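Student: Fold the stuff below for me.
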Amino acid sequence: MTRRLPFAVAACALGLAVLFHSPDAAAADCPAYLDQTVRKLHSSETVNVCKLAAGKPLLIINTASHCGYTPQFKGLEALHRKYKDRGLVVIGFSSDDFNQEAKDEAEAAEVCFLNNGVTFTMIAPSSVKGRAANPVFRELARQAQEPAWNFNKYLVAPDGKVVRYFDSDATPESQAVTQAIEGVLAAAKAR
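Tutor: As a prediction, the model looks like this:
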């Protein structure tokens, strides 16, 4: 015989679950491709992308420290500072797929953190294209397109769907990028 909880008890339990909704609960709703624990750039510390995002929109970028687009780090940092309190999470994935990343992580970290003032999360080098691509970029390529060069940008909704893809030429300060971010933040807030 199965014992059923009275409706009031079940409703109370549901209300408590909603009231005490935690980032871990948000991570449980996270798409599998984002449920990746990755190492931070020039660090032994790891971060789980789902826990970092916790149901928020993401701007994911493949980066390199010796590229003509490297100055975009400053614009990406400006986006991070402007939108972090509204829920946008910016994550850079360092990669040498286009042979323009520093061979030493300490040098890559210096370019990011010291030279360009990056405070958003930067991930240790991994592949972002082809068969060797990390799981995050494999799925981003499936939903949008594979990075054609460094500093491709993927704006991702809280549900893990790519809302917009931007190639390297789209600067972080561009109207197209900022309008897309405003749109995804408005949609996330309306949820």
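Student: At which residues are the helices of the protein located?
Tutor: 7-19, 23-28, 49-53, 72-83, 105-109, 135-143, 175-190 (DSSP state H).
Student: Those helices: which one's closest to residue 66?
Tutor: helix 105-109 (8.9 Å; CB to CB). Where you see a C-beta, it was placed from the backbone N, CA and C, and this is true even at glycine.
Student: Which strands or helices does the closest one pack on?
Tutor: Judged by 3 or more CB pairs under 8 Å, 6 or more residues apart in numbering; DSSP states H and E, helix 105-109 is in contact with no other helix or strand.
Student: Please identify the deepest-packed of the helices of the chain.
Tutor: Of all these, helix 49-53 carries the top mean neighbour count, a mean of 21, counting by mean count of other CB atoms under 10 Å.
Student: before we move on, back to that, dump the helices of the chain to JSON lines, plus distance to residue 63.
Tutor: Converted to JSON lines, the helices of the chain look like this (distance: least, CB to CB, whole Å):
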{"stretch": "helix 7-19", "distance to residue 63": "37"}
{"stretch": "helix 23-28", "distance to residue 63": "24"}
{"stretch": "helix 49-53", "distance to residue 63": "16"}
{"stretch": "helix 72-83", "distance to residue 63": "7"}
{"stretch": "helix 105-109", "distance to residue 63": "9"}
{"stretch": "helix 135-143", "distance to residue 63": "12"}
{"stretch": "helix 175-190", "distance to residue 63": "15"}
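Student: contacts for stretch 99-109?
Tutor: 41-42, 63-67, 94-96, 111, 122, 124-125, 150 (CB atoms under 8 Å, 6 or more residues apart in numbering).
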